[in-house]
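>>> Generate coordinates for the sequence data below:
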Amino acid sequence: MTTGKIMLVGLGPGSVEHMSARARAAIAEADTVIGYVTYIRLVADLVEGKEVVKKSMTEELDRAIEALERARQGRKVALISSGDAGVYGMAGPTFEVLFQAGWTPDSDIEVEIVPGASALNTCAALVGAPLTHDFCAISLSDLLTPWPVIARRLAAAAAADFVVALYNPKSGRRARQIVEAQRLFLAHRRADTPVAIVKSAYRPKQRIEFTTLGEMAECEIGMLSTVLIGNTNTFVRDGLMITPRGYANKYDVPTGAARGGEQAGRSLSSGLDGWLAAIRASGEPAEALARRYGLPTHYITAALAD
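Here you go, the predicted model:
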């Protein structure tokens, strides 16, 4: 028999109209709602008559422990996060606490994850279509992650030409991290690379600013901001930030006709099979090919040998 339930609820950007129906239902179902004080304010109208446990910014483990204690008492608990509970949210620390306590999925405490739109989705929707091609998210918070680890991830993402969403970019005590991130990106991207900074997406104090990689560190950025850095093909036009998906590599976009040597529904001529055929026909040594394509020599060697 189930003694309690923990619902890890993603609120999305915070506005009720952008919250999922299941998120609203989970809060309605809950006996207890636990969350960071700012998140509690976002759902104030939905928590009337319930036990509400408010916690501070750095008390994530405390929130998870409180949720477990209430669930052991047979209560249904909504542990809320802005955005998605599994993206820099409460899902991770809660499972850490649960597993340390000996919990398993077959135990008498049910756990449900209620997904919500994360900041990268909601901020992207406000500025255009910057995430149409490959992208990643990196948090600049070094409260729990060593800076060299963050720096390596920034450098790798910049070199690989990902569109990047920077979470937790700056706070009152962490002002230099965004400058270091800019420095790492400028080693691989042009200074005029488009950047969008979105603060408090879909909330009353929403603010959007378009800038460039070379100037982004001078902009107004805080903990409620998400910074979207474009790739080498991203552009801004008529107030919209767009990252092309790559259709122009295969098609004449105005007509939709495939370019010479390309076929609809088939890999690009420079896709995997075409690229393998080209490097094998080149006669170049693996070391030279590795330099040309920016790939590890051992990978090129294996590709040539297959």
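>>> Which residue ranges make up the domains of the protein?
4-117, 120-242, 247-305 (automatic domain parsing).
>>> Adding mean pLDDT, write these out as JSON lines.
Converted to JSON lines, those look like this (pLDDT from 0 to 100):
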{"stretch": "domain 4-117", "mean pLDDT": "94"}
{"stretch": "domain 120-242", "mean pLDDT": "96"}
{"stretch": "domain 247-305", "mean pLDDT": "94"}
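>>> Mean neighbour count for those - can I get that in CSV?
Glycine gets a C-beta too; all of them are placed from N, C-alpha and C. CSV is the format used below for these (neighbours: other CB atoms under 10 Å):
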stretch, mean neighbour count
domain 4-117, 19
domain 120-242, 18
domain 247-305, 12
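>>> in the stretch 151-300 of the chain, which spans are helices?
177-186, 247-250, 272-282, 286-293, 297-305 (DSSP state H, counting those that start in this stretch).
>>> let me redo that: the stretch 1-150 of the chain
21-29, 37-42, 60-72, 91-100, 119-127, 147-159.
>>> Of those helices, give the one that comes closest to D273.
Closest to D273 of those, according to CB to CB: helix 147-159, at 25.3 Å.
>>> Packing partners of that closest one?
On a contact count with 3 or more CB pairs under 8 Å, 6 or more residues apart in numbering; DSSP states H and E, helix 147-159 meets strand 135-139, strand 163-167, helix 177-186.
>>> Can you lay out the ones you listed as CSV showing distance to A125?
Compiled in CSV, these are given as follows (distance: least, CB to CB, whole Å):
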stretch, distance to A125
strand 135-139, 14
strand 163-167, 13
helix 177-186, 23
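>>> Of all the ones you listed, which one comes closest to A290?
helix 177-186 (22.7 Å).
>>> Using PDB, write out the CA atom coordinates for that closest one.
Extracted as PDB, the C-alpha positions of helix 177-186 are listed here (Å, rounded to 0.1, in the frame of the first residue of the first chain):
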ATOM      1  CA  GLN A 177      32.200  33.700 -14.900                       C
ATOM      2  CA  ILE A 178      30.300  35.300 -17.900                       C
ATOM      3  CA  VAL A 179      33.500  37.100 -18.800                       C
ATOM      4  CA  GLU A 180      35.500  33.900 -18.800                       C
ATOM      5  CA  ALA A 181      32.800  32.200 -20.900                       C
ATOM      6  CA  GLN A 182      33.000  35.000 -23.400                       C
ATOM      7  CA  ARG A 183      36.800  34.700 -23.600                       C
ATOM      8  CA  LEU A 184      36.600  31.000 -24.300                       C
ATOM      9  CA  PHE A 185      33.900  31.500 -27.000                       C
ATOM     10  CA  LEU A 186      35.900  34.300 -28.700                       C
END
